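[1] coords below, sequence missing:
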DNA sequence: TGGTCGCTCATTGTATGCAGAGGTTCTGCG
DNA sequence: CGCAGAACCTCTGCATACAATGAGCGACCA
């Protein structure tokens, strides 16, 4: 590649390793729907698209694969994961196990600053809801749940759960319009539980939230 | 590299992608203690050690990093993860959330063949216990738990939980001698619950098993 | 003597090149 | 008209080469 000009102006200029930039960008493209489920990912194309060589792209693909965003078959290429109804239910089962745990841990270790940050995310989400900005809403939903896991202080859990939340965002986009108001009411309940440092309550709020999201998904899936 | 003889006879000969072979081998080296926690991983050295180029090593390292076996800091290298007591507790918290779920799913979908396979693993483990073969015992323990997750049929869960189980194996090695008999009694209970297709019972057996393992870990950690 | 600057080397980051697997298409034969 | 097979062509897998950063060390100056 005539890299000197191109790469330095696109991605290579930053000091983050290109693999990380590429991974972030690929996640964005997948979550935003610009890369559709089932679509094949060709290393050359992605490399050219992003202005880098195939190597960072390949490394990013290993990460995305481990996170479940893409599926790689040896010598046959990589494809954007498509979530069947069954796989969506699988995801909800895991969320039902992990979100209550995350909520409980967050309730036990959150300080006022963390609670305020959660409330701030909720405010922004309300704004986005009013504006009908579904993309921002999906991102904020992801931010909220990710932040709950971060607050909890269990890094191992956060490492697993944050990609899970991002993966769930893909589903959220499809039922966000109908669910947004309920969803954020539930979030407020969770914040209160965390503010009160009530682990049991936070756990059950998170559980109910996921159950509601699953019910909503089932409804929209059968529509 | 004087690869011609070495690589073709060691790793390159197989039809599995080298990145997978390397990842498997690195996991084995870490779990077996040949790569100690905190030890730095230098791409060149590993590549030479395994008779491959740096590229498959780098890709394998991204996977291991996502699985939590190593920690990578940009431009500063990769290190074998060390599990502090705190991190071990984090891991147990996640196991407490996921193992009961996996056990319940396994109970709901296991057939006679799967139950027999679990029993067979348990038999081999009893043998290994009698022989005092702790390495084999650790592997069998990992196999048992991994297989439970596989039986459950939730691929997303299995993808998360199996690396988790492998990571827990690292801990198991340190308290295996003391715990082995209890552990396998508990496993038998879990098999019975799965055979009986009793989800609730399987869930509580798995939960008790993890609680016992955690208690054992705490005891050995304070000794 | 202690600290800081700069050099050097070890190592990571990125690009490019080449070989082989897999898919596809076109052709020839039944 | 359909199918088998062979040539082609695209893409992945792996290796090598080059660039650039960071760590360690020594010299020089205060």
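    Structure received. None of these values were measured; they are calculated from a predicted model.

[2] Would you mind measuring from the residue positioned nearest the centre of chain A to residue A:146?
    Residue closest to the average C-alpha location in chain A (CA atoms, centre = their mean): residue A:166, at 1.4 Å. For residue A:166, the distance to residue A:146 (CB to CB, to the nearest Å) stands at 8 Å. In short, each C-beta sits where N, CA and C put it, glycine included.

[3] again, but for residue A:129
    Distance, residue A:129 to residue A:146, using CB to CB: 19 Å.

[4] Domain parsing of chain A, as residue ranges.
    A:3-80, A:85-222 (automatic domain parsing).

[5] Make CSV out of these and add distance to chain B.
    Below are these laid out as CSV (distance: least, CB to the nearest CB, whole Å):
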stretch, distance to chain B
domain A:3-80, 4
domain A:85-222, 4
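
[6] rank the ones you listed by mean pLDDT and give me the bottom one.
    Mean pLDDT is lowest for domain A:3-80 among the domains of chain A, at a mean of 86.

[7] touching DNA strand D at all, that domain?
    Yes: counting by CB under 7 Å from any atom of the strand, DNA strand D has neighbours in domain A:3-80: A:15, A:40-44, A:54-55, A:58, A:72, A:74-78.

[8] Give me the PyMOL select line for those residues, limited to the buried ones.
    In PyMOL, a selection of the buried entries from these looks like this (16 or more other CB atoms under 10 Å in any protein chain shown):
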select buried, chain A and resi 41+55+58+72+78
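
[9] From the residues of domain A:3-80 next to DNA strand D, pick out the ones that also neighbour DNA strand C.
    Among the residues of domain A:3-80 next to DNA strand D, DNA strand C is touched by A:54, A:55, A:75, A:76 when using CB under 7 Å from any atom of the strand.

[10] Show me what the lengthiest helix in chain A is packed against.
    Taking DSSP state H as the criterion, chain A has its longest helix at helix A:155-195. With contacts taken as 3 or more CB pairs under 8 Å, 6 or more residues apart in numbering or on different chains; DSSP states H and E, helix A:155-195 sits against helix A:18-31, helix A:54-67, helix A:85-109, helix A:112-131, helix A:134-152, helix A:199-222, helix B:85-109, helix B:155-195.

[11] Quick one: those helices as JSON lines, columns for distance to residue B:140 too.
    Output for the helices and strands packed on helix A:155-195, formatted as JSON lines (distance: least, CB to CB, whole Å):
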{"stretch": "helix A:18-31", "distance to residue B:140": "35"}
{"stretch": "helix A:54-67", "distance to residue B:140": "25"}
{"stretch": "helix A:85-109", "distance to residue B:140": "25"}
{"stretch": "helix A:112-131", "distance to residue B:140": "42"}
{"stretch": "helix A:134-152", "distance to residue B:140": "33"}
{"stretch": "helix A:199-222", "distance to residue B:140": "34"}
{"stretch": "helix B:85-109", "distance to residue B:140": "17"}
{"stretch": "helix B:155-195", "distance to residue B:140": "9"}
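
[12] To residue B:214, which of the ones you listed lies closest?
    Of all those, helix B:85-109 sits nearest to residue B:214, with 4.4 Å by CB to CB.

[13] ok, back up a step: out of the ones next to DNA strand C among the residues of domain A:3-80 next to DNA strand D, which two sit at the greatest distance?
    A:55 and A:76 (19.8 Å).

[14] among the domains of chain A, which is the most enclosed?
    Mean neighbour count (mean count of other CB atoms under 10 Å in any protein chain shown) peaks for domain A:85-222 among those, with a mean of 19.

[15] any idea what sits nearest residue A:100, other than its immediate chain neighbours?
    Distances taken as CB to CB, 6 or more residues apart in numbering or on different chains put residue A:203 closest to residue A:100, at 4.2 Å, once the chain neighbours are dropped.

[16] Now do the contacts for that neighbour.
    A:100, A:101, A:103, A:104, A:107 (CB atoms under 8 Å, 6 or more residues apart in numbering or on different chains).

[17] Looking at those residues, spot the one nearest residue A:219.
    Nearest to residue A:219 among the contacts of residue A:203, with distances taken as CB to CB, is residue A:100, at 22.4 Å.

[18] what's the spacing between that closest one and residue B:149?
    20 Å.

[19] ok, now residue A:179?
    Applying CB to CB to residue A:179 and residue B:149 gives a distance of 30 Å.

[20] Could I get the contacting residues of residue A:102?
    Applying CB under 8 Å, 6+ apart, the residues near residue A:102 are A:145, A:148, A:149, A:152, A:154, A:157, A:158, A:161, A:206.

[21] I'd assumed residue A:38 was in a strand, is it?
    No: counting by DSSP: H, G, I helix; E, B strand; the rest coil, residue A:38 falls outside a strand, being coil.

[22] which residues touch it?
    Taking CB under 8 Å, 6+ apart as the test, what residue A:38 contacts is A:79, A:80, A:82.

[23] now these as TSV including secondary structure?
    Listed next are the contacts of residue A:38 as TSV, based on three-state DSSP:
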residue	secondary structure
A:79	strand
A:80	strand
A:82	coil
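
[24] contacts with DNA strand C among those, please.
    Within the contacts of residue A:38, nothing lies near DNA strand C by CB under 7 Å from any atom of the strand.
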